[in-house]
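Participant: sequence first, then the predicted structure, then my questions.
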Amino acid sequence: HLIRAESLFYFKNMAESKLEKPTLWVFETGQLAWTASAIEGKIAHDTQIIELENSVTLNNEQKSTRLTTSAMTITPTNKTAQSNQYTLIVNSESRIEAQAMHADLSSNIITMKSKVKGYYAKP
């Protein structure tokens, strides 16, 4: 994975860095698989866990699927993402919404949790 931000504020005593406009790229077998971005975020120095907040977007680059939520936690070491906030997934054929989600970025499996609603448009 690779992370970049418009600006980074390092806080040694807080054991985290704050990020402005971060973008995370997740690669699988050398290919770009996912991108995640937000208006702000933070990264824990010891665990490397990334917290994204405000207008969070997670895109599957190979399947043209876009997930949006207000906050998301990404654990790059095991390639997972999760949110306990309202989440919306949109692709060319469907729209799925839920109150929470868990994504396995290695297997491309997103599990929507709590109050799930789905809409499908036959191609």
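Facilitator: The structure has been received and is ready for your questions. Numbering: from 1, shown residues only.
Participant: so residue 56 touches residue 50, yeah?
Facilitator: No: counting by CB atoms under 8 Å, residue 56 does not reach residue 50; the two are 10.7 Å apart. All C-beta spots, glycine's among them, are computed from the backbone N, C-alpha and C.
Participant: what is in contact with the two at once?
Facilitator: Common contacts of residue 56 and residue 50 (CB atoms under 8 Å, 6 or more residues apart in numbering): residue 36.
Participant: more crowded one of these two?
Facilitator: residue 56 (25 against 22; other CB atoms under 10 Å).
Participant: partners of the helix or strand encompassing that one in the sheet?
Facilitator: Assigned by DSSP states H and E, residue 56 belongs to strand 50-60. Strand 50-60 has the following sheet partners, assigned by DSSP bridges: strand 31-37 (antiparallel), strand 40-44 (antiparallel), strand 65-75 (antiparallel).
Participant: how about the nearest residue to residue 62, chain neighbours excluded?
Facilitator: Ranked by CB to CB, 6 or more residues apart in numbering and with sequence neighbours excluded, the top spatial neighbour of residue 62 is residue 33, at 6.3 Å.
Participant: give me every residue that touches the one you found.
Facilitator: 26, 27, 60, 61, 62, 105, 108 are the contacts of residue 33 under CB under 8 Å, 6+ apart.
Participant: most neighbours of all those, which one?
Facilitator: Counting by other CB under 10 Å, top hit in these: residue 105 with 23 neighbours.
Participant: distance check, that one against residue 27.
Facilitator: 10 Å (CB to CB, to the nearest Å).
Participant: re earlier: would CSV of the strands paired with strand 50-60 with distance to residue 118 be doable?
Facilitator: As requested, these are exported to CSV (distance: least, CB to CB, whole Å):
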stretch, distance to residue 118
strand 31-37, 21
strand 40-44, 29
strand 65-75, 13
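Participant: between the ones you listed, which one is nearest to residue 119?
Facilitator: Residue 119 lies closest, by CB to CB, to one member of the strands paired with strand 50-60: strand 65-75, at 14.4 Å.
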